[in-house]
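> kindly generate the corresponding structure for this input.
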Amino acid sequence: MSSLQQPSRHASHEELVSWLIGRWPESHPQPSLDRIGALCDLLGEPQKAAPVIQITGTNGKGSTAIMIESLLRAMGLRTGRFSSPHLVDVTERISIDGEPISGERFDEIWWQIAPMVEMVDAQLLGGVPMTFFEVITGMAYAAFADAPVDVMIMEVGMGGQWDATNVADAQIAVVTPISLDHTHLLGDTIAEIAGEKSGIIKPGSVAVLAGQPPEAVQPLIARCLEVGAAMVREGVDFALLGRQPAVGGQLLRIDAADGPMGDIFLPLFGMHMAHNAVLAVAAVEAFRGAALSGEVISEGLGAVQAPARLEPISTEPLVVLDTAHNPQGVAVTLAGLREAFTAQPLIGVVAMMRDKAVDEVMELLADQLDTIVVTTMTDIPRALSVDEITVVVRQLILRVRSIWLVVWPREPARTLLYW
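As a prediction, this is how the structure comes out:
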């Protein structure tokens, strides 16, 4: 079956998903909104069916989107949230009222838009057919328009200006902290990456900006001034005033639109999640155009569930799952891990994609963990093999500390143990 030959209508959900993912990969986005724009035009512009809150940045996009969704639901609004990547099933990427759509609904949406996707593919805009990410973004907008929802929460996949989610003109543009990641696609400096991500800030919108490294500030402010967007900035217009660990999460004290507010329970761990929470509150207050009540903030943040963000998935033994994938994310994850969990020894099971800063990540892990189990992800071309990660770890042995290496030749993936 060619990449453009659609599967049979009798294909299973798994077969359909496999075919969709087999299209042009989302890890190689094409710098154009022509294809997603053409699809949305054929679909009747579903991206305009409800107001849009869009989130970009390097780390914290997904958890901030989840918190925004929970706050909006506490206000009584019906939400549609688009996120990426997924953990188990692709349906996780399209959520309505806090729940992923079913596999049956996912398949139904695909077959509704399939003829339009085929029409766009035939045009080969930019020289390629629609990418997997463009198709599923179109599916999300169609699902939200059909629901219908009161507000769409769209997490950018990569970058901003050319990301498929940016076919919509978001009323609220949220920018989480920016650092170096995807440099082969977005730029070699934080300033270049910030310039690309600033593309989600549109004329007349409100930009809600997390605390940023100095290099990112100027491009973001310049974009706001260029398009006449209002700015709401962490440390100026909102802030995290304090926090303390609590059973199952942490208690926050924040400075929001109505002034200081304390004893807000967040069932997530780590300083970074506390900052994401105040960013989410600021974004929803900007969307509402008014302060949120303490009851809405407490209810919304208290109901947050963020899978794979320092998530305990077992207690005997304690197993914590996290998806940090770049040096900045790993650093804050390790800090949150040390703060929230006291179990010893600390054993990390690690797999990496080859387009990440593997050397820096592994050095951080080797410095903080007692044991590192290195494995890989089968059937994912971007995944580093165990042997490739071994080369990196061996280079760290003399720089970090004495590491004992044991090789277990297991199939289909080999696993290495360091401690």
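
> quick one: residues contacting Ser63.
Taking Cβ atoms under 8 Å, 6 or more residues apart in numbering, we find Ser63 in contact with 268, 273, 276, 306, 309. Where C-beta positions appear, they are placed from N, C-alpha and C, glycine not excepted.

> where does the third one sit: helix, strand or coil?
For Asn276, the secondary structure call by DSSP: H, G, I helix; E, B strand; the rest coil comes out as helix.

> ok, now the second one?
With three-state DSSP as the basis, the three-state label of Met273 is helix.

> report pLDDT for it.
The score at Met273 is 96. That number is its pLDDT.

> how many neighbours does it have?
Look at Met273: counted by other Cβ atoms under 10 Å, it has 25 neighbours.

> wait, isn't it in contact with Arg309?
Yes. Assessed by Cβ atoms under 8 Å, Met273 is found in contact with Arg309 at 6.9 Å.

> and the helices in this structure?
Applying DSSP state H to the chain gives helices spanning 13-21, 34-42, 61-74, 103-123, 132-146, 183-186, 190-197, 214-227, 271-288, 294-302, 327-340, 358-368, 386-396.

> mean pLDDT lowest for which of those helices?
Lowest mean pLDDT within those: helix 183-186, a mean of 66.

> if we can go back for a sec, among the helices of the chain, which is nearest Leu240?
Leu240 lies closest, by Cβ to Cβ, to one member of these: helix 271-288, at 4.8 Å.

> can you give me the buried ones in the closest one?
By neighbour count on 16 or more other Cβ atoms under 10 Å, the buried set for helix 271-288 is 272-288.

> chain center to that helix, what's the gap?
Chain-centre distance of helix 271-288: 15 Å, with Cα atoms, centre = their mean, to the nearest Å.

> tilt between it and helix 294-302?
Here helix 271-288 runs at an angle of 130 degrees relative to helix 294-302 (axes from the mean of the first three to the mean of the last three Cα atoms, to 10 degrees).

> between helix 271-288 and helix 327-340, what angle do the directions make?
Using the same axes, to 10 degrees, the inter-axis angle of helix 271-288 relative to helix 327-340 is 110 degrees.

> please shift the residue numbers so they start at 376 in all later answers.
I'll keep to 376 as the first residue from here, and by that count the last item is helix 646-663.

> now helix 646-663 against helix 436-449, angle please.
Put simply, helix 646-663 runs at 50 degrees to helix 436-449, going by the same axes, to 10 degrees.

> with just CA atoms, put helix 646-663 into CSV.
Extracted C-alpha coordinates of helix 646-663, given in CSV (Å, rounded to 0.1, in the frame of the first residue of the first chain):
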residue,chain,number,x,y,z
MET,A,646,8.6,23.6,41.0
HIS,A,647,8.0,23.6,37.2
MET,A,648,4.5,22.4,37.6
ALA,A,649,3.7,25.2,40.1
HIS,A,650,4.9,27.7,37.5
ASN,A,651,2.8,26.0,34.8
ALA,A,652,-0.2,26.3,37.1
VAL,A,653,0.1,30.1,37.6
LEU,A,654,0.6,30.4,33.8
ALA,A,655,-2.6,28.4,33.2
VAL,A,656,-4.5,30.6,35.6
ALA,A,657,-3.2,33.8,33.9
ALA,A,658,-4.2,32.3,30.5
VAL,A,659,-7.7,31.6,31.5
GLU,A,660,-8.1,35.0,33.2
ALA,A,661,-6.9,36.6,30.0
PHE,A,662,-9.4,34.5,28.0
ARG,A,663,-12.2,35.5,30.4
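
> residues touching Gly711, list them.
The contact partners of Gly711, by Cβ under 8 Å, 6+ apart, come to 644-648, 685.

> now the residues you listed as a markdown table including distance to Asp762?
Converted to a markdown table, the contacts of Gly711 look like this (distance: Cβ to Cβ, whole Å):
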| residue | distance to Asp762 |
| --- | --- |
| Phe644 | 34 |
| Gly645 | 32 |
| Met646 | 36 |
| His647 | 32 |
| Met648 | 35 |
| Leu685 | 29 |
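
> let me know the closest of those residues to Gly432.
Using Cβ to Cβ, His647 comes nearest to Gly432 of these, at 11.6 Å.

> quick one, what contacts the closest one?
Contact analysis of His647 by Cβ under 8 Å, 6+ apart lists 434-435, 707-708, 711.

> of the residues you listed, just say which sits nearest to Ala632.
Of all the contacts of His647, Ala632 sits closest to Gly435, with 20.9 Å by Cβ to Cβ.
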